[in-house]
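Q: Kindly return the folded structure for what I paste below:
(one chain, ligands or ions: 1)
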Amino acid sequence: MIIHGPDNADYDEDLGPVMLTDYYHDDYFSILKDVMGTDLTKIAPSSQNNLINGKGNYNCSLVTDDTTCTENAGLAKFEFTSGQTHRLRLINGGAEAIQRFSIDDHVMEVIAYDFVPIVPYTTNQVTLAVGQRADVLVKANASASGSYWMRSSISTLCSVTDNPDALAIIYYENANTTAQPTSTSWTIDDSNCANDDLSKTVPFFPIKPPAVNTTVEVALSFELNSTGNFLWTMDASSFRTDYNNPILPLLQADNSTANIKEFPSEWNVYNFGSNKSFVIVINNENAVAHPMHIHGHNMFVLSDGLGTWDGTTQGSSSNPTRRDVQLLQPDGYIAIQIDADNPGVWPFHCHIAWHVSGGLYINILERPADIPSMVKTPSEVDALCTSWEAYTARQAPDQIDSGLRKRSQSPEVKRRQHLKNHRAGNVRHNL
Ligand SMILES: [Cu+2]
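A: So this is what the prediction gives:
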């Protein structure tokens with residue numbers, strides 16, 4: 001889905017989405033069983049291919065268990081018109097990989113990140129972690145018979161892959177489309193696991209973040225739990241949700257502080273109360289990069305770096321970078337600021353599929369006092385909850401990650417049942 005907003009730069013042709021995706025021949029559930037298992041050699045699966053707009057070539061004899069593997073599936077193709085400026089909407093829609101996107105012999109003008117227009121800047125490579133998007137303009141300044149490789153390479157420094165290099169082809173209007181390009185790649189910088197320096201990504205429409213008096217620091221780490229399974233932790237707590245007790249309806253029914261305090265600690269709820277704006281600092285205590293994604297907002301990215309935050313804003317303090325996914329560097333930190341302009345419960349999590357499965361997730365609770373009056377869920381959504389209750393009463397879903405897993409004898413389940421009764425008005429508390 002393309003949402004057309006106000007343009008901050010002129011172009012002639014919109015080539016639409018360009019999806020960059022690491023690819024795995026195993027199905028997701030099988031991968032996840034390994035990731036969530038106790039064999040620590042399997043917690044960081046390696047992608048087998050890298051695709052542009054879902055296409056790429058592969059030697060299917062390398063996989064024995066994927067009957068749908070297509071030999072030589074071909075490459076995505078794009079058409080340039082000489083003299084025209086083309087807009088490409090780059091999307092990293094993958095699972096784990098950090099992508100380095102480039103077009104041989106062409107520079108790109110980046111005009112937006114994560115759909116936030118920025119002051120355009122020119123580069124020959126764009127770095128996108130999972131969930132990140134970039135809008136780039138490319139001037140077709142070669143001859144009308146030209147053809148060029150479009151490339152996206154998985155960072156071999158920051159990611160795990162058997163085959164980093166994705167290719168697509170750009171044909172100019174008079175190119176011989178039966179021949180492959182002979183162009184050569186730019187030299188790609190893969191020397192760190194960071195997004196572009198924040199001083200480069202200046203929002204086109206400036207917003208000055210308001211002063212804050214609340215800063216919360218969260219340590220990002222991991223643990224082996226009592227059964228030896230690998231889990232990610234946020235302030236020593238690995239996230240695990242209960243699909244039968246979503247937090248928002250619990251708050252719509254009872255938004256009292258006492259009720260919120262009863263939420264299980266594994267729901268990782270950070271209550272920011274009536275704060276109008278607040279800062280969250282994530283300190284990465286491991287040597288893996290994490291693209292941190294917020295729902296419901298753009299975040300001001302005040303700072304990102306190695307070590308710990310010194311409290312200053314990088315780039316412009318009156319107009320810092322805004323986006324909704326920001327790379328947290330290995331052994332680094334990010335400091336982000338969020339304006340509480342959207343009451344609700346908002347996920348803030350790593351966008352690497354198996355990291356969020358392993359609990360790398362917190363809930364940001366924003367203006368709980370306003371939730372019953374301002375947050376209305378459609379009746380269809382409420383009906384879905386009722387249907388889910390009925391379905392799961394008959395059979396427990398096989399949920400092996402940070403989502404629901406029924407553990408009928410555990411104290412946690414009994415506590416949740418208690419909560420549910422409480423919500424239904426069956427329990428009275430002595431507060
Ligand atoms: Cu992560």
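Q: Extract the CA atoms of the lengthiest helix in the chain and return them as PDB.
A: Longest helix in the chain, counting residues (DSSP state H): helix 379-394. Taking C-alpha atoms only, helix 379-394 is exported to PDB below (Å, rounded to 0.1, in the frame of the first residue of the first chain):
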ATOM      1  CA  SER A 379     -17.200  -4.000  17.700                       C
ATOM      2  CA  GLU A 380     -15.700  -6.400  15.100                       C
ATOM      3  CA  VAL A 381     -12.500  -6.400  17.100                       C
ATOM      4  CA  ASP A 382     -14.300  -7.100  20.400                       C
ATOM      5  CA  ALA A 383     -16.100  -9.900  18.600                       C
ATOM      6  CA  LEU A 384     -12.800 -11.400  17.500                       C
ATOM      7  CA  CYS A 385     -11.700 -11.500  21.200                       C
ATOM      8  CA  THR A 386     -14.900 -13.400  22.100                       C
ATOM      9  CA  SER A 387     -14.400 -15.900  19.200                       C
ATOM     10  CA  TRP A 388     -10.700 -16.300  20.300                       C
ATOM     11  CA  GLU A 389     -11.800 -17.100  23.800                       C
ATOM     12  CA  ALA A 390     -14.200 -19.700  22.600                       C
ATOM     13  CA  TYR A 391     -11.700 -21.300  20.200                       C
ATOM     14  CA  THR A 392      -8.900 -21.500  22.700                       C
ATOM     15  CA  ALA A 393     -11.200 -22.900  25.300                       C
ATOM     16  CA  ARG A 394     -11.500 -26.000  23.000                       C
END
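Q: residues contacting whichever residue of the stretch 151-300 of the chain sits closest to the ion?
A: The nearest approach of the stretch 151-300 of the chain to the ion comes at H290, 3.3 Å away (CB to the ion). Using the backbone N, CA and C atoms, a C-beta is placed for each residue, glycine as well. Neighbouring residues of H290 by CB atoms under 8 Å, 6 or more residues apart in numbering: L220, N284, L327, L328, C350, I352, H355, L360.
Q: Which residue ranges of the stretch 201-350 of the chain form helices?
A: According to DSSP state H, counting those that start in this stretch, the stretch 201-350 of the chain carries its helices in the segments 247-253, 257-261.
Q: most packed of those?
A: helix 247-253 (a mean of 18; mean count of other CB atoms under 10 Å).
Q: what does the stretch 201-350 of the chain put close to the ion?
A: Applying CB under 5 Å from the ion, we find that the stretch 201-350 of the chain lies next to the ion at H290, C350.
Q: Repeat the analysis, applying 8 Å as the threshold.
A: Applying CB under 8 Å from the ion, we find that the stretch 201-350 of the chain lies next to the ion at W232, V288, A289, H290, P291, M292, L328, C350.
Q: Closest one of those to D7?
A: The closest of these to D7 turns out to be P291 (CB to CB; 26.6 Å).
Q: circling back to that earlier point, what's the closest of the contacts of H290 to P164?
A: Closest to P164, out of all of those and judged by CB to CB, is I352, at 16.5 Å.
Q: For the closest one, list the residues it contacts.
A: Taking CB under 8 Å, 6+ apart, one finds A95, E96, V130, H290, P291, L360 in contact with I352.
Q: so when I look at the second one, I'm seeing a strand, right?
A: By that I understand E96. No - applying DSSP: H, G, I helix; E, B strand; the rest coil, one finds E96 to be coil, outside a strand.
Q: I'd like to know how many residues surround it.
A: Neighbours of E96 under the rule other CB atoms under 10 Å: 24.
Q: Distance-wise, check it relative to I154.
A: 9 Å (CB to CB, to the nearest Å).
Q: Overlap of the contact sets of these two?
A: In contact with both E96 and I154: D22, S47, using CB under 8 Å, 6+ apart.
Q: Low-confidence ranges, the stretch 51-200 of the chain, go.
A: Judged against pLDDT under 70, the stretch 51-200 of the chain has no low-scoring part.
Q: What sits closest to the spatially most central residue of the chain if chain neighbours are left out?
A: The chain has H351 as the residue nearest its centroid, 3.2 Å off, counting by CA atoms, centre = their mean. Setting aside the residues directly before and after it, H351 is nearest to G131 in space (CB to CB, 6 or more residues apart in numbering), at 3.7 Å.
Q: was I right about that neighbour contacting M292?
A: No - when contacts are counted by CB atoms under 8 Å, G131 is not listed as touching M292 (9.2 Å).
Q: quick one: which of the two has more around it?
A: Between G131 and M292, counted using other CB under 10 Å, M292 has the larger neighbour count: 27 against 20.
Q: wouldn't the more buried one be in contact with V356 here?
A: No - under the criterion of CB under 8 Å, M292 is not in contact with V356, lying 10.5 Å apart.
Q: What about the contacts of H290, which one has the most neighbours?
A: C350 (28 neighbours).
Q: care to break this protein down by domain?
A: 13-172, 215-423 (automatic domain parsing).
Q: Adding distance to D197, write those domains out as JSON lines.
A: Converted to JSON lines, the domains of the chain look like this (distance: least, CB to CB, whole Å):
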{"stretch": "domain 13-172", "distance to D197": "10"}
{"stretch": "domain 215-423", "distance to D197": "8"}
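Q: Go through these and name the closest to A194.
A: domain 215-423 (5.1 Å).
Q: mind saving the C-alpha coords of stretch 241-256 as PDB?
A: Provided in PDB are the C-alpha atoms of stretch 241-256 (Å, rounded to 0.1, in the frame of the first residue of the first chain):
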ATOM      1  CA  THR A 241       2.100 -12.000  26.100                       C
ATOM      2  CA  ASP A 242      -1.200 -13.600  26.800                       C
ATOM      3  CA  TYR A 243      -3.400 -13.400  23.800                       C
ATOM      4  CA  ASN A 244      -6.400 -14.200  25.900                       C
ATOM      5  CA  ASN A 245      -5.700 -11.200  28.000                       C
ATOM      6  CA  PRO A 246      -4.800  -8.300  25.700                       C
ATOM      7  CA  ILE A 247      -3.800  -5.300  27.700                       C
ATOM      8  CA  LEU A 248      -5.900  -2.600  26.000                       C
ATOM      9  CA  PRO A 249      -9.300  -4.100  26.800                       C
ATOM     10  CA  LEU A 250      -8.100  -4.700  30.400                       C
ATOM     11  CA  LEU A 251      -7.400  -1.000  30.600                       C
ATOM     12  CA  GLN A 252     -10.600   0.000  28.900                       C
ATOM     13  CA  ALA A 253     -12.400  -1.900  31.600                       C
ATOM     14  CA  ASP A 254     -10.200  -0.800  34.500                       C
ATOM     15  CA  ASN A 255      -7.400   1.800  34.100                       C
ATOM     16  CA  SER A 256      -6.700   2.200  37.800                       C
END
